[in-house]
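S.K.: I'd like to go over a predicted model; first the sequence, then the structure.
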Amino acid sequence: MGGDEHRAGGTGGCLCGAVRFAINGPLRPVVACHCSQCRRWTGHFLASTAARRADLEIMEGRGLRWYRSSPRARRAFCVTCGSSLFWEGDGDGYVAIAAGTLDGPTGLALIGHIFVADKGDYYALDDGLPRRPQGGAGALIAG
């Protein structure tokens, strides 16, 4: 997950309440992913934090569904309201959590952008934050 974990704990959920969760450990700062899969999944780009998989507790899961989105990762969403919730890479040991699903205030901050080579042509990145042409959220945290 990286070394600069920002804050511990928190709760969150989907739009309709059919999925509720708690994070019982540190959260990574927020990273914006502009890859084509995240853009299609969210309708724009995915701003996510992350936590150790063992620290994610599903308190209400009647709407939770996982979708195998690539040979190495899966994504979770609410089957009732369609909210994008989690991304999990096989064997990574952590789960990315859509930052907008967290109950606020979160105390988190956006620290950079990944997969900017795939970003949509209809928006600009002019916030001055670090950018990586491909992946590497860990490099944003460490550097």
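M.R.: Arrived safely.

S.K.: center of this structure, which residue is that?
M.R.: Nearest to the geometric centre of the chain sits Ser48, at 2.8 Å (Cα atoms, centre = their mean).

S.K.: quick one: that one is in a strand?
M.R.: Yes - the assignment for Ser48 is a strand, going by DSSP: H, G, I helix; E, B strand; the rest coil.

S.K.: OK, contacts around it?
M.R.: For Ser48, the contacting residues are Val30, Val31, Cys33, Trp87, Ala96, Ile97, Ala98, Ala99, by Cβ atoms under 8 Å, 6 or more residues apart in numbering. C-betas here are computed from N, CA, C, even on glycine.

S.K.: contacting residues for the nearest residue to it once chain neighbours are set aside?
M.R.: In space, and not counting its chain neighbours, Ser48 is closest to Ala96: 4.2 Å by Cβ to Cβ, 6 or more residues apart in numbering. By Cβ under 8 Å, 6+ apart, Ala96 lies in contact with Leu46, Ser48, Thr49, Ala50, Phe86, Trp87, Glu88.

S.K.: let's see 6 Å
M.R.: Ser48, Ala50, Trp87 (Cβ atoms under 6 Å, 6 or more residues apart in numbering).

S.K.: how many neighbours does Glu60 have?
M.R.: Residues near Glu60, counting by other Cβ atoms under 10 Å, number 13.

S.K.: hang on, isn't it packed against Gly17?
M.R.: No - the criterion here is Cβ atoms under 6 Å, and Glu60 misses it with Gly17 at 7.0 Å.

S.K.: identify each buried residue in stretch 107-116, please.
M.R.: Using 16 or more other Cβ atoms under 10 Å as the test for burial, stretch 107-116 gives Leu108, Ile111, Gly112, His113, Ile114, Phe115, Val116.

S.K.: next step: these restricted to strands.
M.R.: Applying DSSP state E to these, the entries found in strands are Ile111, Gly112, His113, Ile114.

S.K.: just those residues now: which is nearest Asp121?
M.R.: Ranked by distance to Asp121 (Cβ to Cβ), these are led by His113 at 15.1 Å.
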